[in-house]
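Colleague: Attaching a predicted model along with its sequence, questions to come.
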Amino acid sequence: MDDSEEGSRGAAQSALSQDDDEPPQRGFFGRLFEAFSPDESDQDGAETKQSRAHMASALPGLINLRRMRVYDVAIPTVEIVSVPVDISMEDLVHVFRDSGMSRLPVYRDTLDHPMGMVHLKDFALQHGFNGNDRTFDLSAMLRPLIYAPPSMPIGVLLQKMQSDRMHMALVIDEYGGVDGLVTIEDLIEQVIGEIEDEHDIDEGQYWTEEKPGVYLALAKTPLDEFEATTGLKLVEPENEEEIDTLGGAAFVLTGRVPARGEVITHPSGAQLEIVDADPRRIKRIRVRMPGCERLPGE
């Protein structure tokens, strides 16, 4: 082989090698397509795979669509807010109001026998706006649900949710039981980060006073600022240097990440209600000062 032929082959190999690399200027849809495609080069050892999975779960990004599985983002069964199909209209109103949810799974007997989902909009259109004489029948308002195995990549589930125009999926284990719940918002947050809605506290404001003695606060609220404003002491002096946030105080009181809807009673008599949380972190907390007990129907 002469020098020119060898040089041509080297140049061709170099070009092929460049084509194999992902161009840094590849557009959003190109990267999104690759995120949904199988990873043909995933031949790394177990340690490398674990490291990549940890990195994917720690930060939002397109790679999470392929790396993360449904079980990584699903809320566990004990945290699912659901209703039986024979619930009364008054009780359904209370569940919608207390949970703040707009979609609720509906089951017969137990959650392992799901029937579908009820949407607050459907309920309000049929029985809200000062009511009507129509007989309440929850089964007539049910919408279908998606059922997903825990090992499904979240990118595959996101595509299915988009194509089927559904916003909620139940995670089903190998025995057909319900193992968790995922919303389309949970999946999108793994790509673009946390999505705040109209019920979230305004940016730059850590807490708001809902009524005298009751505060809705972000878990990242600086503990010293909250204590100085409310006069409530939530941590012991020996723990002050290690706990910086209100969420950290809730974690110390329980020794774990508390579940959404859980109410933690502080030794002072104050109550910390976990308004929003996922299996990995607390997001929002409602703090009731001592003597401000939760009223029926709240």
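Modeller: Yep, that arrived. Numbers count the residues shown, from 1 in each chain.
Colleague: quick one: the helices in the stretch 51-200 of the chain?
Modeller: 64-67, 70-73, 89-99, 120-127, 154-164, 184-192 (DSSP state H, counting those that start in this stretch).
Colleague: List the residues that contact the residue lying closest to residue 217 once chain neighbours are set aside.
Modeller: Nearest non-adjacent residue to residue 217, counting by Cβ to Cβ, 6 or more residues apart in numbering: residue 207, 3.5 Å away. Any C-beta I mention is one placed from the backbone N, CA and C, and that applies to glycine too. By Cβ atoms under 8 Å, 6 or more residues apart in numbering, the residues touching residue 207 are 201, 215, 216, 217, 218, 221, 226, 287.
Colleague: Wait, residue 71 touches residue 150, no?
Modeller: Yes - between residue 71 and residue 150 there is a contact under Cβ atoms under 8 Å: 3.8 Å.
Colleague: Residue 280: neighbour count?
Modeller: As a burial measure, residue 280 scores 10 neighbours (other Cβ atoms under 10 Å).
Colleague: do the same with residue 110
Modeller: Neighbouring residues of residue 110 were enumerated by other Cβ under 10 Å; the total is 11.
Colleague: ok, now residue 74?
Modeller: Burial of residue 74 is recorded as 25 neighbouring residues (other Cβ under 10 Å).
Colleague: Leaving out the residues flanking it, which one is nearest to it?
Modeller: By the measure of Cβ to Cβ, 6+ apart, the closest residue to residue 74 outside its immediate chain neighbours is residue 180, 3.2 Å from it.
Colleague: Who does the one you found form a beta bridge with?
Modeller: residue 171 (DSSP bridges).
Colleague: So which residues make contact with the lengthiest strand in the chain?
Modeller: Determined from DSSP state E, the single longest strand within the chain is strand 110-119. With Cβ under 8 Å, 6+ apart as the test, strand 110-119 has contacts from 77, 80, 82-83, 85, 92, 102-108, 138-139, 141-145, 168, 170, 176-178.
Colleague: So for it, what gets flagged as buried?
Modeller: Across strand 110-119, burial judged by 16 or more other Cβ atoms under 10 Å covers 111, 112, 114, 115, 116, 117, 118, 119.
Colleague: Find the residue at the geometric middle of this structure.
Modeller: Geometric centre of the chain, nearest residue: residue 186, 4.2 Å, by Cα atoms, centre = their mean.
Colleague: ok, how many other residues are close to residue 175?
Modeller: For residue 175, the neighbour count with other Cβ under 10 Å is 7.
Colleague: do residue 63 as well
Modeller: When neighbours are defined as other Cβ under 10 Å, residue 63 has 19 of them.
Colleague: bridging residues for the nearest residue to residue 283 once chain neighbours are set aside?
Modeller: In space, residue 283 comes closest to residue 276 once its chain neighbours are excluded; the distance is 4.0 Å by Cβ to Cβ, 6+ apart. Beta-bridge partners recorded for residue 276 (DSSP bridges): residue 284.
Colleague: and residue 276, what does it touch?
Modeller: Going by Cβ under 8 Å, 6+ apart, residue 276 touches 260, 282, 283, 284.
Colleague: Just name the closest of the residues you listed to residue 125, please.
Modeller: Closest approach to residue 125 among those (Cβ to Cβ): residue 260, at 27.4 Å.
Colleague: SS state for the closest one?
Modeller: coil (DSSP: H, G, I helix; E, B strand; the rest coil).
Colleague: Please work out how many residues are found near the residue nearest to it when sequence neighbours are not counted.
Modeller: Take residue 260 and drop its neighbours on the chain: the residue closest to it by Cβ to Cβ, 6+ apart is residue 277, 4.6 Å away. By other Cβ under 10 Å, 22 other residues sit near residue 277.
Colleague: pretty sure residue 277 is touching residue 258, no?
Modeller: Yes - counting by Cβ under 8 Å, residue 258 is a contact partner of residue 277 at 6.6 Å.
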